[in-house]
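**Student:** My questions concern the predicted model and sequence given below.
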Amino acid sequence: MLTCLAVIALALGAGLLFGARIEPPFRWAGNVGALMITGCVIVAGIHLGDAAEWLGPLFSTIAVVTAVLVEAESRRREPRFVGESYWQRVLLVISRRSGRIDASDE
C-alpha cells in the first residue's frame, strides 16, 4: 500500500513536470526532473520485481493523465484555446492537431 501511494505521488510530480509550460531557458530542467523521477520508479520496479507488478502501469497512466490535464490548463490563453471549455482543450491537447494553425484560425 505504501509503495502504491509513493508511486502515485511520484507520478503526479512527473506529470506536472512533463505537462507544465516552462519558459525555454529552463524547460530542460523540468524535463530532466521528470526523467529522473521516471528513472527512479523504473529502478524501484526492477528492484521490487513481482512484489510490485502494478507499479509501471499505475505510474505511466497517472503521469500521462496528469500531463495532459496540466497542459490543457496551461494553454488556456493561446489563441486556438481561448473560446474552448476545459474538456474541449483536453481533447485538443490529446489530438495531435493542436499545435498547427489552420488557415481558418488566422
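**Tutor:** Done, it's in.
**Student:** Please make it C-alpha for all contacts and neighbour counts, starting now.
**Tutor:** Noted.
**Student:** For the helix of greatest length in the chain, give me every contacting residue.
**Tutor:** What stands out as the longest helix in the chain, according to DSSP state H, is helix 27-48. Here helix 27-48 makes contact (Cα atoms under 8 Å, 6 or more residues apart in numbering) with 7, 10-11, 13-15, 17-18, 21-22, 52-53, 55-56.
**Student:** Please report how far the residue nearest the centre of the chain lies from Asp50.
**Tutor:** Ranked by distance to the mean C-alpha position of the chain (Cα atoms, centre = their mean), the top residue is Ala67 at 1.9 Å. Here the criterion is Cα to Cα, to the nearest Å. By it, Ala67 lies 28 Å from Asp50.
**Student:** picking that back up, which of the contacts of helix 27-48 fall in helices?
**Tutor:** Val7, Leu10, Ala11, Gly13, Ala14, Gly15, Leu17, Phe18, Leu55, Gly56.
**Student:** pretty sure the third one contacts Ala63?
**Tutor:** Same thing as Ala11. Yes. Ala11 lies in contact with Ala63 (Cα atoms under 8 Å); the separation is 4.7 Å.
**Student:** any idea of the mean pLDDT in the helix or strand containing Val90?
**Tutor:** In this structure, Val90 sits in helix 86-94 according to DSSP states H and E. Helix 86-94 shows a mean pLDDT of 86.
**Student:** how about low-confidence regions in the chain?
**Tutor:** Applying pLDDT under 70 to the chain flags the ranges 1, 96-106.
**Student:** at 50 what do you get?
**Tutor:** Applying pLDDT under 50 to the chain flags the ranges 100-106.
**Student:** How many neighbouring residues does Met36 have?
**Tutor:** Look at Met36: counted by other Cα atoms under 10 Å, it has 13 neighbours.
**Student:** Quickly note the distance from it to Asp50.
**Tutor:** 23 Å.
**Student:** Gly30 now?
**Tutor:** In this view, Gly30 and Asp50 are 31 Å apart by Cα to Cα.
**Student:** More neighbours: the two, which one.
**Tutor:** Set Gly30 next to Asp50 and count neighbours by other Cα under 10 Å: Gly30 wins out with 19 against 10.
**Student:** Show the contacting residues for Glu53.
**Tutor:** Glu53 neighbours (Cα under 8 Å, 6+ apart): Gly45.
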